[in-house]
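1. whatever this is, show me its structure:
(2 chains, ligands or ions: 2)
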Amino acid sequence: MSTINFSAREINFKIVYYGPGLSGKTTNLKKIYEQVPAESKGEMVSLATEDERTLFFDFLPLDLGKVNGFKTRFHLYTVPGQVFYNSSRKLILRGVDGVVFVADSSPARLRANAESLRNLRENLLEYNLRLSEVPFVIQANKRDLEDAIDMDMLKRVLDPQGKVPFFEAVAADFDGVFEPLRAVATMVLEKLAQKA
Amino acid sequence: MLEPSLDLYGSTFDSVDGILRELLAKSRARYALIIDRKGFVLMHARALWAPRPPSLDSFATLVASNYAANRAIANLFGEEGFKETVQQGAEVGTYLEELGAEALLVTVFDSTAQLGRVKVATKQAADAIRVELENATEAPPDVDFDAEFQDGATALLDGLFGTRDR
Ligand SMILES: Nc1nc2c(ncn2[C@@H]2O[C@H](COP(=O)(O)OP(=O)(O)OP(=O)(O)O)[C@@H](O)[C@H]2O)c(=O)[nH]1
Ligand SMILES: [Mg+2]
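-> Ligands and ions are numbered 1, 2, ... in the order given. Below you'll find the predicted structure:
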């Protein structure tokens, strides 16, 4: 649920980048950080291991500016994708407003994608949330790989019912990084508008 | 109906602001913040003499995550949480109190303050804030986060990334 601060006239949303290890979640945040002008972003905080694997989370606050007199902000987080960091992943999901699932297009990671998605469902349940109720999009990253898996195949595995918006991306080149963020943000705002 | 995470507006806001200032005066601490457990800053106060604080967003995110991790550690041992959360460096330290299920009160102090005083003052402030929140009766201000708000926010988001050529 968004955090509304009436006294400071601020509304804050929390977006979490989820997905298997090395799929490119941290890369998404780094590229967003590079693209956004200085006055619209805060510091990026990364809690990572020596070899740059996410240990706890990455954090990047985006400041959109004022809408209807309210300072509107999106806080972006990544989770650690490696399987054994599940307790950290769970903690990061607290208060989540929307999720971008970063899938890896390498055929060898197909099963890891599916397992990470199942893990997301399980962890959301800890907060009494069902994935179908949370604004959710999928980014198929690393489309530049020579043996990148067929998009239809990936969709069949991750979204057999065809309900989730999909975006192809080469996050390392900032291709397809903004689109899924915009899509999930729009869904989050829509949900808020319905409640208002 | 939208529920703010804590009833911090109107007269409650003013009272809590007063409590934070009193906390700073009594403890001689630098800053006092109320942070929600998701990592957002809800309120903050700074002593007149204190240096400019670091990024409060980063601070709040790290405090909330650290608190959540500590709680998870305590849970591993069948504890609900740890009673005291103190961090002390050579110059600067932090002290944390829970404010109900939603929020945290954090005091940041330096070597000019005494830890004992900081603890007592922070505990007293937390009690006083809890009482204020329990007695809060004012309804939140009426704001519409409607379709118009949605369009405005989306336009700004596009603007953020619009400068690049694709
Ligand atoms: N080929 C290719 N490589 C990419 C792309 N995006 C990211 N990478 C690379 O994939 C590797 C892992 O990227 P990260 O962003 O650290 O992955 P992560 O999902 O944050 O990994 P964890 O923190 O372990 O969960 C890095 O070497 C990136 O350079 C892409 O679009 N194409
Ligand atoms: Mg990472």
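
2. number of nearby residues for residue 120?
-> All of this is about chain A. Using other C-beta atoms under 10 Å in any protein chain shown, the number of residues around A:L120 comes to 21. Using the backbone N, CA and C atoms, a C-beta is placed for each residue, glycine as well.

3. that's the wrong chain, I wanted chain B
-> B:V120: 13 surrounding residues under other C-beta under 10 Å.

4. what helix or strand does it sit in?
-> Using DSSP states H and E, B:V120 sits in helix B:115-134.

5. contact partners of that helix?
-> Counting by C-beta atoms under 8 Å, 6 or more residues apart in numbering or on different chains, helix B:115-134 makes contact with B:6-7, B:12, B:15-16, B:19-20, B:22-23, B:26-29, B:32, B:34, B:86, B:88, B:93, B:95, B:97-100, B:105, B:107, B:109, all of which sit outside it.

6. flag the shaky bits of chain A, pLDDT-wise.
-> Residues of chain A that meet the criterion pLDDT under 70 lie in A:1, A:196.

7. near ligand 1, which residues of it show up?
-> A:19, A:21-27, A:52-54, A:78, A:80-82, A:141-142, A:144-145, A:170-172 (C-beta under 6 Å from any ligand atom).

8. ok so, going back, what subset of the contacts of helix B:115-134 is buried?
-> Among the contacts of helix B:115-134, the ones that count as buried by 16 or more other C-beta atoms under 10 Å in any protein chain shown are B:6-7, B:12, B:15-16, B:19-20, B:22-23, B:26-29, B:32, B:34, B:93, B:95, B:97-99, B:105, B:107, B:109.

9. point out the ones among those that are inside helices.
-> B:12, B:15-16, B:19-20, B:22-23, B:26-27 (DSSP state H).

10. got TSV for those residues, with distance to B:G78 and pLDDT too?
-> Listed next are those as TSV, based on distance: C-beta to C-beta, whole Å; pLDDT from 0 to 100:
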residue	distance to B:G78	pLDDT
B:T12	36	89
B:S15	38	94
B:V16	34	95
B:I19	34	97
B:L20	34	98
B:E22	37	98
B:L23	33	98
B:K26	36	97
B:S27	33	97
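
11. where along chain B do the strands fall?
-> With DSSP state E as the criterion, chain B has strands at B:31-36, B:41-46, B:85-88, B:92-99, B:103-110.

12. and for chain A?
-> Counting by DSSP E, chain A has strands at residues A:3-5, A:10-18, A:45-48, A:54-67, A:70-78, A:98-104, A:136-141, A:166-168.

13. packing partners for the longest one?
-> Yep, that's strand A:54-67 we're talking about. Packing contacts for strand A:54-67, counted by 3 or more C-beta pairs under 8 Å, 6 or more residues apart in numbering or on different chains; DSSP states H and E, involve helix A:25-35, strand A:45-48, strand A:70-78, helix A:86-92, helix B:56-76, helix B:147-162.

14. to A:F13, which of the ones you listed lies closest?
-> Proximity to A:F13 (C-beta to C-beta) singles out strand A:70-78 among those, at 5.1 Å.

15. that closest one vs helix A:25-35, what angle?
-> Relative orientation of strand A:70-78 and helix A:25-35, computed by axes from the mean of the first three to the mean of the last three C-alpha atoms, to 10 degrees: 140 degrees.

16. buried set for strand A:70-78?
-> A:70, A:72-78.

17. flag every residue of chain A that's near ligand 2.
-> Within chain A, the positions lying close to ligand 2 (C-beta under 5 Å from the ion) are A:25-26, A:54.

18. for those residues, could you give me TSV that also reports neighbour count?
-> Shown next, in TSV, are those (neighbours: other C-beta atoms under 10 Å in any protein chain shown):
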residue	neighbour count
A:K25	29
A:T26	23
A:T54	25
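
19. if we can go back for a sec, okay, the helices and strands packed on strand A:54-67 in TSV with distance to A:D58 next?
-> Formatted as TSV, these follow (distance: least, C-beta to C-beta, whole Å):
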stretch	distance to A:D58
helix A:25-35	5
strand A:45-48	5
strand A:70-78	4
helix A:86-92	10
helix B:56-76	10
helix B:147-162	18
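
20. deepest-packed of these, please.
-> strand A:70-78 (a mean of 23; mean count of other C-beta atoms under 10 Å in any protein chain shown).

21. what's next to that one, contact-wise?
-> A:8-17, A:25-26, A:28-29, A:32, A:54, A:57-66, A:92, A:181, A:185, B:39-40, B:57, B:61, B:143, B:145, B:149, B:153, B:156-157.

22. so where's chain B uncertain?
-> By pLDDT under 70, the low-scoring segments of chain B are B:1-5, B:163-166.

23. residues in contact with the residue in chain B that ligand 2 sits nearest to?
-> Among the residues of chain B, B:S65 lies closest to ligand 2, at 15.0 Å counting by C-beta to the ion. For B:S65, the contacting residues are A:56-57, A:91-92, B:39, by C-beta under 8 Å, 6+ apart.

24. looking at the residues you listed, which one is closest to ligand 2?
-> A:F57 (8.6 Å).

25. OK, contacts around the closest one?
-> A:45, A:47, A:77-80, A:88, A:92, B:65 are the contacts of A:F57 under C-beta under 8 Å, 6+ apart.
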